[in-house]
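predicted model, plus sequence, below.
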Amino acid sequence: MGMNGSLDRQVISVSGKGGTGKTTFVALLLKTLVSSENSYTTLVVDADPDTNLPDVLGVKVNSTVGKKATELKRRIEEGSLSFSISKSDLLEAWVYETLVEHEKFDLLIMGRTEGEGCYCYVNNALTNILDRLITNYDIVLMDMEAGLEHLSRRTDRDVNTMIVVCDPSKMSLKTAIRIRDIAREVHINIRNIYLVGNRFHPDNVELFNEWAEREGFKVAGYIPEDPYVQKCHMMGIPLMEIPEESPALSAVKNIAVNIGIPI
Ligand SMILES: Nc1ncnc2c1ncn2[C@@H]1O[C@H](COP(=O)(O)OP(=O)(O)OP(=O)(O)O)[C@@H](O)[C@H]1O
Ligand SMILES: [Mg+2]
C-alpha cells in the first residue's frame, strides 16, 4: 500500500450535527489525500441519504447503492430472478457498477432505498459486500448523515477512526457526546474519536479546547471560517478546485497529520 504497509487501513467516518461542515471537511480531506505524495488509494463513501457530496466534489453519478438495493428487493418479491444467480453476487456486481472511478479516488454513493417492507436480507448482503469492498483501499472516508441515526443502522460498523465535526454551538458539542456514547455501545473497533472544530474564531479555540478536554475528547484541529470555501459553495465550484492558499485547506492538511495520515 501507499504507505509502505506501515499503517493499517484507516476507515474514517465524519459525523456531527446538521450543517456543521461534515461534507466540506470530507471534500477538503479528500483533496489533501489525492495531492499527497503518498499516493493513497482512497474510497469516499457518501453515506448521507440526502446525497450531496458528488456536487461538492464535482463528480457526476448515475445510480446509487440504495437504488440497486430497491431493485433487488423488488425482483425478489416478483420472483423474477433466475435461480442460477446468487442474489448476493448479483447485488455485489450492481454495487460495483455504481462505483464512480475517478483518477485518484473511487466514490460510492449509498443514497436511499425506496418503499416500505423488510430490507433485512438486502441489508445483510450489502454489509458483507461493503466489508469486502473496503479491503481494496488504504483509506476509506465516509460522509455520514447529520445526527445519530447512522449509528443505529451501523452503516459505520467498519469505522476505526471517528471524526465529529463541531461548530461553535452547544448543540454540536452535545451531539458529539451522544455520538461518542452510542459509538461506545455499538462499536468494538474504534481506535480513535476526534473532534474537529469548524468555523471557529481563533479567540474561541481555547474555550473549546477546555471543553473538549473536560469531556475526554481529543481535538484533531480547527478549520477557520474561509472565504474560499464560501465562494465555492455559493458559486457551485467543486471544493476539489479550491485554491491552495485556502486557510481551511491548510487546516485540514494539519488535521490529516494529526489523525495519523502522513501527507
Ligand atoms: N470553514 C468554512 N468556511 C466557510 N463556510 C463554511 C465552512 N464550513 C462550512 N461552511 C458552509 O456551511 C455550509 C454547510 O456545510 P456542509 O454542507 O459541509 O455541512 P454538513 O455538516 O455536511 O451539512 P449536512 O448536515 O446538511 O450534511 C456550506 O454551505 C458551507 O459553505
Ligand atoms: Mg453533508
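That came through fine. Ligands and ions are numbered 1, 2, ... in the order given.

please count neighbours and contacts with C-alpha atoms only from this point.
Noted.

now check the helix or strand of the chain with the lowest mean pLDDT, is it near ligand 1?
Least confident helix or strand, the chain: helix 149-153 with a mean of 78, by mean pLDDT, DSSP states H and E. No: Helix 149-153 stays out of contact with ligand 1 when judged by Cα under 6 Å from any ligand atom, the minimum separation being 12.2 Å.

list the neighbouring strands of the following helix or strand past that helix plus their orientation.
Once the chain leaves helix 149-153, the next helix or strand it forms, by DSSP states H and E, is strand 161-166. The strands beside strand 161-166 in its sheet (DSSP bridges) come out as strand 10-15 (parallel), strand 192-198 (parallel).

return the most buried member of these.
Of all these, strand 10-15 carries the top mean neighbour count, a mean of 25, counting by mean count of other Cα atoms under 10 Å.

what's the average pLDDT for that strand?
On average, the pLDDT along strand 10-15 is 96.

just checking, what packs against the next helix or strand after it?
Counting by DSSP H and E, the element after strand 10-15 in chain order, helix or strand, is helix 22-34. For helix 22-34, the packing partners by 3 or more Cα pairs under 8 Å, 6 or more residues apart in numbering; DSSP states H and E come out as strand 10-15, helix 53-57, strand 139-143, helix 247-258.

pull out the buried positions in the last one.
Of the residues in helix 247-258, those buried under the neighbour-count criterion (16 or more other Cα atoms under 10 Å) are 247-249, 251-256.

quick check: residues of the protein near ligand 1?
Residues of the chain lying near ligand 1 (Cα under 6 Å from any ligand atom): 18-24, 145-146, 198-199, 223-227, 229-230, 233, 248.

returning to what we had before: quick one, which of the strands paired with strand 161-166 is nearest to residue 178?
For residue 178, the closest of the strands paired with strand 161-166 is strand 10-15, at 11.4 Å, according to Cα to Cα.

quick one, that closest one and helix 22-34 angle?
Between strand 10-15 and helix 22-34, the angle comes out at 160 degrees (axes from the mean of the first three to the mean of the last three Cα atoms, to 10 degrees).

any idea how far strand 10-15 is from the middle of the chain?
Relative to the centre of its chain, strand 10-15 is centred 5 Å away, using Cα atoms, centre = their mean, to the nearest Å.

CA atoms of that strand as CSV?
C-alpha atoms of strand 10-15 as CSV (Å, rounded to 0.1, in the frame of the first residue of the first chain):
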residue,chain,number,x,y,z
GLN,A,10,-8.0,3.8,8.1
VAL,A,11,-11.7,3.8,7.9
ILE,A,12,-12.8,7.2,8.8
SER,A,13,-16.4,8.4,9.5
VAL,A,14,-17.2,12.1,9.6
SER,A,15,-20.3,12.8,11.6
